[in-house]
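Asks: my questions concern the predicted model and sequence given below.
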Amino acid sequence: MTKPYLLAESTWETIRAIAFEVAIVPWGATEAHNRHLPYATDTIETEAVAARAAELAWDRGAKVLVLPAVPFGVQTGQLDVPFCLNLNPSTQALVLRDLIESLEPHGIGKLVVLNGHGGNDFRQIIRELEPTTSLFLCQANWYAAADPKSFFTVPGDHAGELETSVTLALAPRLVRPLSEAGPGKARRFKVRALREGWAWAPRQWTQVTDDTGVGDPKEATVEKGERFLAAVTDRLAEFLVELAKADPHSLYE
Ligand SMILES: [Zn+2]
């Protein structure tokens, strides 16, 4: 079966015959994920979520196109962890600007940055780029499309129960036995306001956690991962269908 909503798997003949409405760029990271998940975890997850959501949206008539994933995220707090590969936010802004310029002449009016890494934040970048382009720009964090608390005992931030369950569902051959995983125990900020979260500073990862994980993966299962994936892809598909139909000049009711 052809999947014209996946650019990487499609030919020129297929792509140029379709009037696409929404582009999706999955944006991941390359970073350590405790002792049991691979460096590409965020990229694998985000690309798969984009593909599944795009398929659902396509079946409901939305002309969506998933672009190849960007595999590098912001890792400035993990530069002392071997081979966490950093793209600074200012570099990400330039990458996004160039992608927008490549999309602009081809009639696709909207771009969703589908983010899968906590250190990435495209909001300020979008604020800066939006006035420079005719494309409608937005970001979505796929892991926030459904409430993790109703799917997991302790979802965790990084390589925890949520992420481990999702990776077990998507790429089981890349997951080491959970008996090898560290507990993902995270140290809290000593400063109260930072601990409460209303004051914010990036976390220095190697001071926070001994195994690079934040969140205990031990209760992760394939079934939890599948259920969460079904929920987030359904909500993302609904978003894509609605966005495909939406007039960017009339977004308010
Ligand atoms: Zn991750």
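Replies: Happy to help now that I have it.

Asks: which single residue of this protein ends up nearest the ion?
Replies: residue 42 (4.1 Å; CB to the ion). C-beta coordinates here come from the backbone N, C-alpha and C atoms, glycine included.

Asks: wait, what's in contact with that residue?
Replies: Residues near residue 42 by CB atoms under 8 Å, 6 or more residues apart in numbering: 28, 29, 31, 73, 116, 117.

Asks: try it again with 7 Å
Replies: If a contact means CB atoms under 7 Å, 6 or more residues apart in numbering, then residue 42 has 28, 29, 73, 116, 117 as its contacts.

Asks: the fourth one: neighbour count?
Replies: Pointing back at residue 116 there. Residue crowding around residue 116 was assessed by other CB atoms under 10 Å; the count is 26.

Asks: I'd assumed residue 25 was in contact with residue 113.
Replies: Yes: with contact defined as CB atoms under 7 Å, residue 113 counts as touching residue 25 (5.5 Å).

Asks: hmm, back to that, of the contacts of residue 42, which are in range of the ion?
Replies: Filtering those for proximity to the ion by CB under 5 Å from the ion leaves nothing.

Asks: surely the residue of the chain closest to the ion is in a helix?
Replies: Yes: the assignment for residue 42 is a helix, going by DSSP: H, G, I helix; E, B strand; the rest coil.

Asks: tell me the pLDDT at it?
Replies: In this prediction, residue 42 carries a pLDDT score of 98.

Asks: returning to that earlier point: could you work out the most separated pair of the contacts of residue 42?
Replies: Using CB to CB, the contacts of residue 42 span at most 8.3 Å, a distance reached by 73 and 116.

Asks: quick one: residues contacting the spatially most central residue of the chain.
Replies: When CA atoms, centre = their mean is applied to the chain, the residue found nearest the centroid is residue 116 (2.0 Å). By CB under 7 Å, 6+ apart, the contact list for residue 116 reads 26, 27, 28, 42, 45, 46, 142, 143.

Asks: go with 8 Å
Replies: 26, 27, 28, 29, 42, 43, 45, 46, 49, 141, 142, 143.

Asks: helix or strand for residue 65, which one?
Replies: strand 64-66 (DSSP states H and E).

Asks: could I get whatever helix or strand comes next after that strand in CSV with only the CA atoms?
Replies: Scanning forward in sequence from strand 64-66 by DSSP H and E, the next helix or strand is helix 89-103. Taking Å, rounded to 0.1, in the frame of the first residue of the first chain, the C-alpha atoms of helix 89-103 are listed here in CSV:
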residue,chain,number,x,y,z
PRO,A,89,17.9,26.7,19.8
SER,A,90,19.3,29.4,17.5
THR,A,91,20.5,26.7,15.1
GLN,A,92,17.0,25.0,15.3
ALA,A,93,15.5,28.4,14.3
LEU,A,94,17.8,28.5,11.2
VAL,A,95,16.9,24.9,10.3
LEU,A,96,13.2,25.6,10.6
ARG,A,97,13.5,28.9,8.6
ASP,A,98,15.2,27.0,5.8
LEU,A,99,12.5,24.3,5.8
ILE,A,100,9.8,26.9,5.8
GLU,A,101,11.4,28.5,2.7
SER,A,102,11.5,25.2,1.0
LEU,A,103,7.8,24.5,1.7
